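1. just coords:
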Ligand SMILES: Nc1ncnc2c1ncn2[C@@H]1O[C@H](COP(=O)(O)OP(=O)(O)OP(=O)(O)O)[C@@H](O)[C@H]1O
């Protein structure tokens with residue numbers, strides 16, 4: 001599904017990613033764990049084309065997308081829910097959902113999204129900014145899924161949201177992974193959430209992956225700390 005080889009990127013002349021390598025199969029969930037400032041967000045933004053690749057290659061579904069624009073990558077099937085969700089605050093819930101499917105023709109995905117996330121049904125006309133943090137996260141996820149991605153990149157989806165919504169999101173993503181073969185790259189601090197969803201976990205330090213661990217190993221604090229470089 002995605003193959004990343006020797007990926008380098010950064011901000012201006014400041015290099016941040018130093019040779020990232022990984023591959024993923026359809027329906028696989030990969031967790032990424034690392035301390036603040038290690039390059040997790042930079043990696044996701046490089047994969048979606050918001051930050052330019054300076055060296056290396058990104059192949060998605062057998063196609064070289066290393067220098068493709070963000071919208072081309074979105075059309076190819078890479079979805080992104082950034083940290084802080086980035087929903088349109090002044091647009092209503094239904095308008096936000098429409099924005100998610102705008103680049104995709106054919107039948108609307110909104111009824112399907114409301115089936116996946118019934119909590120949005122009673123909020124359709126409400127402006128995005130009138131939603132709670134958890135509701136906004138669900139909206140951001142539904143908006144991303146409305147573009148029918150094959151792979152979604154999630155940056156700290158549980159940040160600042162209540163446990164019941166975290167569980168609801170984990171359950172739905174677990175279901176979509178199986179039913180749609182949805183691939184997920186999950187940057188997350190919530191160990192329980194990663195453990196629930198991820199098939200494997202990559203540890204990032206200073207812009208490169210330094211280890212791969214199994215989700216079960218996440219409960220072994222000593223192993224995790226050692227890999228994180230504590
Ligand atoms: N727009 C920017 N311009 C310059 N440097 C940046 C920019 N954004 C991030 N950085 C730097 O790049 C490095 C990696 O940041 P990044 O946000 O990718 O880390 P992270 O692992 O996602 O951390 P966090 O958990 O804090 O979000 C940090 O040193 C950060 O200061």
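-> It's in. These numbers were taken from a predicted model, which means no experiment stands behind them. Residues are numbered from 1 along each chain as shown.
2. which helices and strands does the helix ranked longest in the chain pack with?
-> The residue-count maximum for a helix in the chain (DSSP state H) belongs to helix 163-180. Applying 3 or more CB pairs under 8 Å, 6 or more residues apart in numbering; DSSP states H and E, one finds that helix 163-180 contacts helix 133-145, strand 183-187, helix 191-197. (Each C-beta comes from the backbone N, C-alpha and C, glycine too.)
3. again, only this time at 7 Å
-> On a contact count with 3 or more CB pairs under 7 Å, 6 or more residues apart in numbering; DSSP states H and E, helix 163-180 meets helix 133-145, helix 191-197.
4. Helix 163-180 and the first one, what's the angle between them?
-> It stands for helix 133-145. Between helix 133-145 and helix 163-180, the angle comes out at 20 degrees (axes from the mean of the first three to the mean of the last three CA atoms, to 10 degrees).
5. relative to helix 133-145, how tilted is whichever helix or strand comes after helix 133-145?
-> Proceeding N to C from helix 133-145, the next assigned helix or strand is strand 151-155, under DSSP states H and E. Angle between the axes of strand 151-155 and helix 133-145 is 150 degrees (criterion: the same axes, to 10 degrees).
6. Walk me through which strands strand 151-155 pairs with, and which way each runs.
-> Under the criterion DSSP bridges, strand 151-155 sits next to strand 78-81 (parallel), strand 183-187 (parallel) in its sheet.
7. and the first one, average pLDDT?
-> Average pLDDT, strand 78-81: 96.
8. need the strands paired with strand 151-155 in a markdown table with mean neighbour count and distance to residue 224, can you?
-> A markdown table is the format used below for these (neighbours: other CB atoms under 10 Å; distance: least, CB to CB, whole Å):
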| stretch | mean neighbour count | distance to residue 224 |
| --- | --- | --- |
| strand 78-81 | 24 | 25 |
| strand 183-187 | 24 | 15 |
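9. Quick check: which of these is nearest to the ligand?
-> strand 183-187 (6.7 Å; CB to the nearest ligand atom).
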